[in-house]
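**Q** What shape does this take:
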Amino acid sequence: MSDIGEGLGTAVEGGLFARAVSGGAARGGNTPLEKGHFAENACLNCGTELIGAHCHSCGQQAHLHRTMGAFLHDLMHGALHFDGKTWRTLPKLFFKPGELTRRYIDGERMRFVSPMALFLFSIFLMFAVFQLAGISAPTDIQGDASEELAGFAATELDRIERRLQSTENELAQPELDDDRRQVLETRQKELSEQASALRQAQENIPFLQQEDTRDELMQDGDVVIPLEEVDGATMRFSGSSVDWIEGAMDKWRKNPGLMLYKLQTNFYKFSWLLIPLSIPFVWLMFAWKRQYKAYDHAIFVTYSLSFMTLLTLGITLVGLLGAPTALVALASIFIPPIHIYKHLRGTYGLSRLSALWRLAIMSFFIIVILALFLQLLLVLGAF
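**A** Reported below is the predicted structural model:
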């Protein structure tokens, strides 16, 4: 944990140093480079005469530097957007989120970090800190999953035996035509080989040897439907009528550790989907107020998600540092609704009562949005 703190501290120090040096650099003269600092009178990019801190023709900053401090400043500004805007944005986001959102919507764009940049930065920071802290989905859960795997093997064997019995019963019918009989004989051979291979595996692989697992799983409601012919196409049913859903379930059964890792990775990669998922629900709460546009809701949602991401990171770090569990739980329960309440009031100019009933509805909407997001992650992880 100290590594990332030292890294960020060094980068910030470099950025502040570069800004301080920039403020004290000479503004005149014709010396092109002196101790790493340009002292140009014309823009080095387009040649326009400089009359301010930036070129009024191309927008390039005046009086550039060639120092490591300047490089670190560019790193923090370009990669993390870590500059003066951040110090104006974060306090507003934490304590006056409604004012920040309303001022940004009303046109004060250069003073604050854009909501999307802040959201991406917060996701990146959370991912980096969690990785350094070792907070990730387990990839080796064989010990925990061995009993389930044994039960799955027993259930699969039972399913194959049922299909084999159904096939043999149909073969016993004397009125079968030759083509159908040939199909059934081929199927009988394949099912017999599969059943034999599973029995051999149960005998030779230790963690597949488990008694009474089959009965327990069947009592839990496993439904096995025999093979059916639908419009000439063969479909397989075992609790699901869609092949890709069954394939996804098989992936979770065979390698739950990998699927959990993919789920976590997809969360970081597709976290931006929370924004378009949330906007329609926020719009519903203001559908009759035409002065508020979809853009307003998008800014509100993105800043709100940025705060919740940073809050999650902060609470996690406080917990890792040994804070009392009760304190962590109270912060997790009370801070989000209080922040949303203040955010709603400030952004949309609501009364206390209007903000409270919208907070209650939004709390329900958040559950729906998270459920939809989780379903999307599960679908994406299946491919």
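
**Q** What segments of the stretch 251-383 of the chain are helices?
**A** With DSSP state H, counting those that start in this stretch, the ranges of helices along the stretch 251-383 of the chain come out as 256-269, 274-284, 294-320, 325-348, 352-381.

**Q** The stretch 1-150 of the chain too?
**A** So, for the stretch 1-150 of the chain - with DSSP H, counting those that start in this stretch - the helices run 2-24, 68-79, 84-95, 97-105, 115-133, 142-171.

**Q** Can you tell me which of those has the worst average pLDDT?
**A** Among these, helix 2-24 carries the lowest mean pLDDT, at a mean of 43.

**Q** could the helices of the stretch 251-383 of the chain go into a markdown table alongside distance to Q60?
**A** The C-beta positions use only the backbone N, C-alpha and C, and glycine is treated the same way. Putting the helices of the stretch 251-383 of the chain into a markdown table (distance: least, Cβ to Cβ, whole Å) gives the following:
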| stretch | distance to Q60 |
| --- | --- |
| helix 256-269 | 34 |
| helix 274-284 | 32 |
| helix 294-320 | 29 |
| helix 325-348 | 35 |
| helix 352-381 | 41 |
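
**Q** Present those helices as CSV; the columns should include mean pLDDT, distance to S166 and mean neighbour count.
**A** Converted to CSV, the helices of the stretch 251-383 of the chain look like this (pLDDT from 0 to 100; distance: least, Cβ to Cβ, whole Å; neighbours: other Cβ atoms under 10 Å):
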stretch, mean pLDDT, distance to S166, mean neighbour count
helix 256-269, 70, 31, 17
helix 274-284, 94, 44, 17
helix 294-320, 93, 52, 19
helix 325-348, 94, 53, 16
helix 352-381, 90, 32, 14
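
**Q** just so I know, which of the ones you listed lies nearest S57?
**A** Closest approach to S57 among the helices of the stretch 251-383 of the chain (Cβ to Cβ): helix 294-320, 30.6 Å.

**Q** What is the closest one packed up against?
**A** The elements that helix 294-320 packs onto, with contact taken as 3 or more Cβ pairs under 8 Å, 6 or more residues apart in numbering; DSSP states H and E, are helix 84-95, helix 97-105, helix 115-133, helix 274-284, helix 325-348.

**Q** so which of these comes closest to I361?
**A** For I361, the closest of these is helix 274-284, at 8.3 Å, according to Cβ to Cβ.

**Q** ok, and what's touching the closest one?
**A** Residues outside helix 274-284 that contact it (Cβ atoms under 8 Å, 6 or more residues apart in numbering): 119, 294, 297-298, 300-302, 305, 362, 365, 368-369, 372-373.

**Q** okay, the angle between it and helix 352-381?
**A** 150 degrees (axes from the mean of the first three to the mean of the last three Cα atoms, to 10 degrees).

**Q** re the thing from before, closest one to A197 among the helices of the stretch 251-383 of the chain?
**A** So among these, helix 256-269 is nearest, using Cβ to Cβ, at 22.7 Å.

**Q** any idea of the pLDDT on K96?
**A** Reported pLDDT for K96: 95.

**Q** and the nearest residue to it once chain neighbours are set aside, what does it touch?
**A** What sits nearest to K96 in space, not counting adjacent residues and going by Cβ to Cβ, 6 or more residues apart in numbering, is G346, at 6.6 Å. Applying Cβ under 8 Å, 6+ apart, we find G346 in contact with K96, P97, G98, E99, T101, R102.

**Q** how far away is the fifth one from S114?
**A** As judged by Cβ to Cβ, to the nearest Å, T101 and S114 stand 12 Å apart.

**Q** So between the two, which is more surrounded?
**A** Taking other Cβ atoms under 10 Å, T101 and S114 do not tie; T101 has more neighbours (26 against 17).

**Q** right, and that one touches R345 too?
**A** No - T101 lies out of contact with R345 (Cβ atoms under 8 Å); the separation is 10.9 Å.

**Q** quick one, what contacts the nearest residue to L344 once chain neighbours are set aside?
**A** Once flanking residues are discounted, L344 sits nearest to A355: 4.7 Å by Cβ to Cβ, 6+ apart. Taking Cβ under 8 Å, 6+ apart, we find A355 in contact with Y341, L344, R345.

**Q** Go ahead and confirm the first one touches L356.
**A** What that stands for is Y341. Yes - assessed by Cβ under 8 Å, Y341 is found in contact with L356 at 7.1 Å.

**Q** Next one: F270 from P115, what distance?
**A** 18 Å.

**Q** These two: which has the busier surroundings?
**A** Taking neighbours as other Cβ under 10 Å, F270 and P115 compare with P115 leading, 24 against 13.
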